[in-house]
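# got a predicted model here, sequence first, then my questions.
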Amino acid sequence: MENKVTLSVVVLSYNNEQYLEDCLSSIEKQEIDSYEVLIVDDSSTDNSVSVIKEFIKDKPQFHLIEKPNSGGAISSQIGIAKAKGKYLALVDSDDVVADGAYKKLIARIEQDGSDFASGLPMKLTNAFMNTYLIAPHENNVFVEDKVLTTDEEKESFTNQVFYWNAVYRMDFIRENQIEMPANLLIADRIFVYKAAMRAKKISVLTDVVYFWRKKTNDEKISLTDQTAEFPMISDRCDSFQSQIKLSIQEFKKSMQYNKAIWEHSFIRLYYPLYTIADPENTENDYEDFKKVCHRYRCYLMQYKAFFVHLIANSDIPVLTKYITERIFAKRYRQIYDFIKNELTFKDINVKKLDPYVYNSVLRNNNVLSVKGLSEDSGRIYVDFQILVGLEEKEAISVEKVFTYNRYFSQKRTYLSYDAEERRADITDLPYSTYVLNTICIRDGKKTYYTPRIMEKLSKVTTMTVGDKIITFNSRYSILTIQKKNRFTLLQSGSKYLLGINDPEDVKDIFFFNIKDNKRYAIAKEGDFYVFETDKLPSGANLMIYQNKEGLYTTVRKQEMTNSILDKDFRDRILISDRIEIEVE
């Protein structure tokens, strides 16, 4: 009997009350005729269940499943077992699915005859899109629409270990018993690893399909960010061990694939060591570092012969080999000092390194950065610089430069790029805030590349051309184009009055509260938008406006006619030169 439900979406819910409405609303916008949403709540201790019940009360496609607290892996197993759809999608309850994403993914599965389809994931910080989740030294498989069939292609996909930016054929999941192991916190790696290994075809899309929320402030940090927490480090070892056991079953069938995945996982195993020993890290000290090294040593000794063979006959970086050898020898202090003093970079010899390139290359392994902004013959440019002098394998060339609007955007805007001058023309971009990105060729492969650098040497470059104020933040690769004298800000008693000098420029103004992740309308009285700080919700409140092109930007001091404000007024209203009111 043919299944009448096209898509089952399993939402893994635990203590995300402020984000649930965003998440569930985004699933409603998928343009799927027949679908069901199974929300599996893992005994949330906040108001998640109440929020869910209120949201789904008039929505027969949505179903709440409450279960005793036992982890997200078991939640996923329960949801998949109860699902009735021909296709399956998994969602974390604090994230957002891009509009129409599932329809696109299903269409590609049916067009290509693939076992599952996956699209580009993006990161959200305080509701603003930040950048890709893929590290700059890893080739991004989502750079072009294609079908992956070979072990080498599937290996690149597996390295990115995301389960939620995809739609799977349900019969493929069930026939191959693909699931997240119940005894692991980091269970997604096993799910993705097994799915990629068993799939005959994987479709990949360049479209943005999923927004992963990176939590900040005093929120409960997601598992993905708990890289320096000892239980998570220990679980990394267990997850890798489960992966090894799984791969041994089919090692002879896919020897090169499994070897490559082991190598990549082995490198990732050491990421927390860099976090703990980072000179800017004040949360951990040497004792924390030693504890982690000892856990690694106990784990590695179980497989010493295997790992000695693996690192001796692989392309694992020299630094990883160095650390492994010393963990086997139990030289924890030497490793700690080695990382903390950045001795790994002392032998790179490139003449006259620009400080931004130095920071970009030596701290982030990047070879592409942005010098700043320039004007030439009335045109405005973002100027790039590419490090030359590294080994040939590090060579990189820019193929395309493009932007996304920073506020929940899926639309790319490609910029005219002059390869000889290494600059991109931003003159015709509408007023808004953008994430700047590139498509590059590196090591002979096409990949996304965000030209960003570390905080230590980052800077904000600002220039004014006509009525435009252009700002570039080199830490986040954020480009903001504003209009001079767009707003007037006044105070009248306890009220603040915001006037728009050209009302046709602005469609809407509101506060966005980072703490509860909601919009709050600003009332209009006559010619002014009027607000009072003591009537805003607690937490940080950003003032955001939507311009006539439908793009969003935060309201900033540079856009005000009365930008020279008295200090008390400014301290109450402006943070980092934007209207961001903190309410206790």
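Ah, there it is.
# please, which helix or strand holds Ala81?
Assigned by DSSP states H and E, Ala81 belongs to helix 72-82.
# need the next SSE after that helix, C-terminal direction.
As assigned by DSSP H and E, the chain's next helix or strand after helix 72-82 is strand 87-92.
# so what touches stretch 325-340?
With contacts defined as CB atoms under 8 Å, 6 or more residues apart in numbering, stretch 325-340 is touched by 273-274, 277-279, 286, 289-290, 293-294, 296-297, 300-301, 304, 308, 322-323, 343-344. C-beta: built from backbone N, CA, C; applies to glycine.
# one step back: please save the CA atoms from the helix holding Ala81 in CSV.
Taking C-alpha atoms only, helix 72-82 is exported to CSV below (Å, rounded to 0.1, in the frame of the first residue of the first chain):
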residue,chain,number,x,y,z
GLY,A,72,18.2,13.1,21.8
ALA,A,73,19.4,9.8,20.2
ILE,A,74,16.5,7.8,21.7
SER,A,75,14.1,10.7,20.8
SER,A,76,15.2,10.3,17.2
GLN,A,77,14.7,6.5,17.3
ILE,A,78,11.1,6.9,18.7
GLY,A,79,10.3,9.6,16.1
ILE,A,80,11.6,7.5,13.2
ALA,A,81,9.8,4.4,14.5
LYS,A,82,6.4,6.2,14.6
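# contacts for the helix or strand Thr471 falls within?
Assigned by DSSP H and E, Thr471 belongs to strand 468-473. Strand 468-473 is contacted from outside by 370, 372-373, 380, 382, 426, 431, 436, 458, 460-464, 478-484, 558-559, using CB under 8 Å, 6+ apart.
# one more time with 7 Å
Residues from elsewhere that reach strand 468-473 (CB atoms under 7 Å, 6 or more residues apart in numbering): 370, 372-373, 380, 382, 460-463, 479-484, 558.
# adjacent strands (with direction) for it?
Within its sheet, and counting by DSSP bridges, strand 468-473 is paired with strand 460-465 (antiparallel), strand 478-483 (antiparallel).
# average pLDDT for that strand?
Average pLDDT, strand 468-473: 92.
# helices of the stretch 201-350 of the chain, residue ranges please.
For the stretch 201-350 of the chain, the helices defined by DSSP state H, counting those that start in this stretch occupy 230-248, 255-269, 271-277, 286-302, 304-312, 318-329, 332-340.
# list buried residues within the contacts of strand 468-473.
Neighbour-count burial (16 or more other CB atoms under 10 Å) applied to the contacts of strand 468-473 gives 370, 372-373, 380, 382, 461-462, 479-484, 558.
# who touches Glu263 in this structure?
For Glu263, the contact set (CB under 7 Å, 6+ apart) comprises 310, 314-316.
# ugh, wrong one, I meant Ile173
When contacts are counted by CB under 7 Å, 6+ apart, Ile173 touches 80, 88.
# please redo it, this time with the cut-off set to 6 Å
Going by CB atoms under 6 Å, 6 or more residues apart in numbering, Ile173 touches Leu88.
# doesn't it lie inside a helix?
Yes - judged by DSSP: H, G, I helix; E, B strand; the rest coil, Ile173 forms part of a helix.
# tabulate the helices of the stretch 201-350 of the chain in a markdown table, adding columns for mean pLDDT and distance to Leu536.
What follows is those, written out as a markdown table (pLDDT from 0 to 100; distance: least, CB to CB, whole Å):
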| stretch | mean pLDDT | distance to Leu536 |
| --- | --- | --- |
| helix 230-248 | 70 | 36 |
| helix 255-269 | 75 | 42 |
| helix 271-277 | 82 | 35 |
| helix 286-302 | 87 | 39 |
| helix 304-312 | 80 | 55 |
| helix 318-329 | 85 | 48 |
| helix 332-340 | 85 | 43 |
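# for Arg572, find the nearest of those helices.
The closest of these to Arg572 is helix 271-277. By CB to CB, the value is 36.1 Å.
# okay, buried residues for that closest one please.
Those buried within helix 271-277 under the rule 16+ other CB under 10 Å are 272-277.
# that one packs against which elements?
When contacts are defined as 3 or more CB pairs under 6 Å, 6 or more residues apart in numbering; DSSP states H and E, helix 271-277 packs onto helix 286-302, helix 332-340.
# could I get these as CSV with mean neighbour count and distance to Asp33?
CSV is the format used below for these (neighbours: other CB atoms under 10 Å; distance: least, CB to CB, whole Å):
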stretch, mean neighbour count, distance to Asp33
helix 286-302, 17, 49
helix 332-340, 17, 54
